[in-house]
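Peer 1: structure, please.
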Amino acid sequence: MERKLATVLFVDLVGSTELVSSRDPEVVRRRVTSFFEHVSTCITRHGGIVEKFAGDAVMAAFGVPQAHEDDAERSVRAAEAIMDSVHGLGLEARIGIESGEVVADESESTFATGEAVNVAARLQQLAQPGETLLGPFAYRLTLSRVVTEDCGILDLKGFGDPLPVFRLLGVLDSADRPASVSAPFVGREFELELLHTTFARTVRDRRAHLFTIYGEPGVGKSRLVREFAAGVEGATVLAGRSLPYGEGITYWPIAEMVKVAAGITDDDPVQEAVAKLQAACGDDAVADLLALAVGVLEGIEAERSQQEIAWAAREWAAELASAQPLILVFEDVHWAEDSLLELVEHLAERVKDAPLLIVCLARPELLDLRPGWGGGRVRATAIELEPLPPLESEALVDALLAERELSATDRRSLLEKTEGNPLFVEETIRMLLEGGTSAKRIPDTLQAMIAARIDRLPRAEKTLLQRASVIGRIFWEGALSRLAPELEELEPVLDDLLQRDFLRPGGVDGRQRGRRVLRRASLRAAGGHGRPLLRGRRRRARLRPGRRAGRDRDQAAGAASGPGGLIGRICPALVSQDDTRTGQVMARDPRGRPDRAHASGPRPRSRLRRASRAAPRPCWESRRR
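Peer 2: Next up, the predicted model:
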């Protein structure tokens with residue numbers, strides 16, 4: 001089992017008692033079965049799982065067993081789809097949604113428990129027919145993505161303190177979302193100049209060029225391209241985003257671009273949309289293929305081969321680029337299906353005698369799925385956006401905090417915690433501007449984002465990251481080998497985490513060889529403050545029987561027992577400057593008993609017990625405020 005940040009949705013069929021008492025049992029069974037099928041389809045389509053059916057209610061979870069950074073948004077979109085689908089059946093439903101920490105099995109057959117489950121169930125009971133209610137945590141995670149109405153502070157049965165409740169009114173599209181804070185564009189001068197230079201070459205040579213920008217979430221890929229597009233004159237710029245879930249999304253970015261270029265809106269009747277597309281394409285064959293691919297016409301993509309659709313997209317792009325230079329921006333291509341990736345490469349390779357710049361934004365995970373992306377092409381460029389350097393991070397903080405004073409301690413904590421990630425800086429400052437009291441707390445939205453990254457790691461990397469977080473931000477390979485004895489080779493796993501930017505080397509001299517440092521955000525999401533390990537597992541990890549002696553044993557003990565380690569954070573009264581490297585707490589023989597051979601001080605057991613009684617409750621035992 002594992003602790004996870006998840007979103008729970010409860011949906012209940014309204015008027016089921018009257019339905020059962022007034023209809024033939026066979027008719028009732030068909031209608032209720034249809035209700036369950038429609039609800040389950042909406043949930044799975046948005047990446048959730050159906051936890052259980054209880055009478056005429058359905059419980060679903062988003063983020064179990066696989067976490068996503070937008071699980072809360074997926075749940076509200078699923079709720080809207082459920083309401084529309086159920087209304088089409090002539091039925092009504094009511095829904096409650098809440099996010100929070102749950103305990104779930106690490107398998108497909110999940111069973112989630114936690115406060116979020118109980119809150120979501122109570123909210124569903126309070127909701128009126130056709131209404132969706134959000135709890136406070138779900139509301140915070142979807143703040144800039146939904147339109148809500150404040151229902152006030154309500155008493156929920158079984159909860160001592162009343163909770164703020166919000167009524168869902170709608171979900172915003174990406175283009176309609178308000179900016180959380182007005183952040184200026186800071187740094188990136190060299191990357192911006194490279195984009196402009198590449199575009200100038202594309203126009204001069206009249207050849208297609210593929211430009212890929214890699215970067216971790218929040219590092220500023222989209223903002224860089226927006227600044228670039230704003231500085232380009234005499235060019236057509238079209239953008240589309242790959243979606244991580246849904247049906248019929250293979251060519252979604254192309255569909256967004258084609259609709260904008262042709263002036264098609266979602267409200268246009270089919271015939272009018274087709275007429276606009278034909279006028280924009282100038283070739284009925286191209287228009288018909290694109291209409292099928294982008295969903296303007298009803299049809300099955302399999303009826304047309306990928307080669308035909310790629311040909312139509314190439315002809316469409318070449319015609320637009322012949323009129324004036326064309327820039328196509330594909331965002332989040334790490335979510336793209338193979339068919340779209342092959343289409344993008346086809347455009348970059350086959351569009352001739354036309355100025356076309358294809359800009360793709362991706363996380364490094366794209367190279368895990370497609371190692372040869374962009375390789376072997378003369379006209380292809382790839383760059384990686386690194387976090388902002390300290391001076392530029394400080395400039396961003398100054399601009400965002402122009403109207404608020406921040407103490408030197410909080411400012412230093414904010415800069416250390418965000419580690420140069422512009423989104424992390426913006427979200428943390430937004431939290432402060434909305435009433436947050438400390439820059440040391442990581443915003444809920446960022447916790448969800450980092451937890452999703454960790455969940456996508458291979459099992460060995462994820463296990464090692466969680467065990468390392470038990471030790472603390474700084475750890476040594478020798479100490480980690482004692483906490484993860486099931487992993488035979490640590491070096492390849494550590495190298496992979498280093499490449500994925502979850503940790504960094506901690507030293508190069510002989511004394512610090514093997515030292516590693518966790519990124520602060522990774523520490524919080526992996527276990528230092530994010531609490532994915534169960535208490536029993538944390539305890540077993542700390543008291544893992546020793547398999548090595550000498551230096552490794554001392555390093556493990558020092559990391560766990562020192563002021564910055566797990567025991568130091570939980571029981572500060574136990575640790576002093578004189579005994580930060582004593583190994584009594586960690587040193588155990590193969591049976592788990594204290595190993596006297598390596599003890600170098602007084603017996604620690606009574607001190608540990610006294611300190612644990614006097615120490616404040618650890619963070620994972622505190623209730624949500």
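Peer 1: going by C-alpha atoms from here, please, whenever you check contacts or count neighbours.
Peer 2: Fine.
Peer 1: run through the protein and note the low-pLDDT ranges.
Peer 2: The chain contains residues with pLDDT under 70 at 1, 16-23, 106-111, 174-182, 296-304, 403-404, 434-442, 472-473, 506-625.
Peer 1: taking the centroid of it, which residue is nearest it?
Peer 2: Glu69 (2.2 Å; CA atoms, centre = their mean).
Peer 1: who's in contact with it?
Peer 2: Thr445, Ala448, Met449, Ile450, Ala451, Ala452 (CA atoms under 8 Å, 6 or more residues apart in numbering).
Peer 1: now it: how far from Pro387?
Peer 2: Separation of Glu69 from Pro387 (CA to CA, to the nearest Å) stands at 20 Å.
Peer 1: returning to what we had before: and the nearest residue to the residue nearest to the centre of the chain once chain neighbours are set aside, what element?
Peer 2: Of all residues beyond its chain neighbours, the one nearest Glu69 is Met449 (4.2 Å), with distances taken as CA to CA, 6 or more residues apart in numbering. Assigning secondary structure by DSSP states H and E places Met449 in helix 444-455.
Peer 1: counting by contacts, list what that helix packs against.
Peer 2: Counting contacts by 3 or more CA pairs under 8 Å, 6 or more residues apart in numbering; DSSP states H and E, helix 444-455 packs against helix 136-141, helix 422-433.
Peer 1: what angle sits between the helix or strand just after that helix and helix 444-455?
Peer 2: Following helix 444-455 in sequence order, the next helix or strand is helix 459-471 (DSSP H and E). Here helix 459-471 runs at an angle of 130 degrees relative to helix 444-455 (axes from the mean of the first three to the mean of the last three CA atoms, to 10 degrees).
Peer 1: off-centre distance for helix 459-471?
Peer 2: Remark: helix 459-471 is offset 19 Å from the chain centroid, using CA atoms, centre = their mean, to the nearest Å.
Peer 1: buried set for it?
Peer 2: Judged by neighbour count (16 or more other CA atoms under 10 Å), helix 459-471 contains these buried residues: Glu461, Lys462, Thr463, Leu464, Leu465, Gln466, Arg467, Ala468, Ser469, Val470, Ile471.
Peer 1: following the chain onward from it, which element is next?
Peer 2: Next along from helix 459-471, by DSSP H and E: strand 474-476.
Peer 1: what lies in contact with the lengthiest helix in the chain?
Peer 2: Secondary structure of the chain read by DSSP state H shows that its longest helix is helix 25-45. With contacts defined as CA under 8 Å, 6+ apart, helix 25-45 is touched by 13, 19-20, 49-50, 56, 58, 60, 75, 78, 81-82, 85-86, 89, 245-247.
Peer 1: do stretch 354-361 as well
Peer 2: 199, 202-215, 221-222, 317-318, 321-322, 324-333, 344, 348.
Peer 1: among those, name the ones in strands.
Peer 2: His209, Leu210, Phe211, Thr212, Ile213, Tyr214, Leu326, Ile327, Leu328, Val329, Phe330, Glu331 (DSSP state E).
Peer 1: and the closest residue to Thr236 other than its chain neighbours, what is it in contact with?
Peer 2: Leaving aside its sequence neighbours, Thr236 sits nearest to Leu326 (CA to CA, 6+ apart; 4.9 Å). Neighbour list for Leu326: Ala235, Thr236, Val237, Leu238, Ala317, Leu320, Pro355, Leu356, Leu357 [criterion: CA under 8 Å, 6+ apart].
Peer 1: and those residues, which two are furthest apart?
Peer 2: Greatest spacing in the contacts of Leu326, by CA to CA: Leu238 and Pro355 (14.0 Å).
Peer 1: picking that back up, mean neighbour count and distance to Gly478 added to the helices and strands packed on helix 444-455, as TSV?
Peer 2: Shown next, in TSV, are the helices and strands packed on helix 444-455 (neighbours: other CA atoms under 10 Å; distance: least, CA to CA, whole Å):
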stretch	mean neighbour count	distance to Gly478
helix 136-141	22	39
helix 422-433	20	32
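Peer 1: redo the ones you listed as TSV? Include distance to Cys42.
Peer 2: What follows is the helices and strands packed on helix 444-455, written out as TSV (distance: least, CA to CA, whole Å):
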stretch	distance to Cys42
helix 136-141	19
helix 422-433	30
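Peer 1: hey, where'd the helices end up in the stretch 301-450 of the chain?
Peer 2: Listed in chain order, the helices of the stretch 301-450 of the chain (DSSP state H, counting those that start in this stretch) span 306-323, 338-350, 365-369, 390-400, 408-418, 422-433, 444-455.
Peer 1: turn those into CSV, columns for distance to Gly375.
Peer 2: Below are these laid out as CSV (distance: least, CA to CA, whole Å):
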stretch, distance to Gly375
helix 306-323, 20
helix 338-350, 10
helix 365-369, 11
helix 390-400, 32
helix 408-418, 33
helix 422-433, 29
helix 444-455, 26
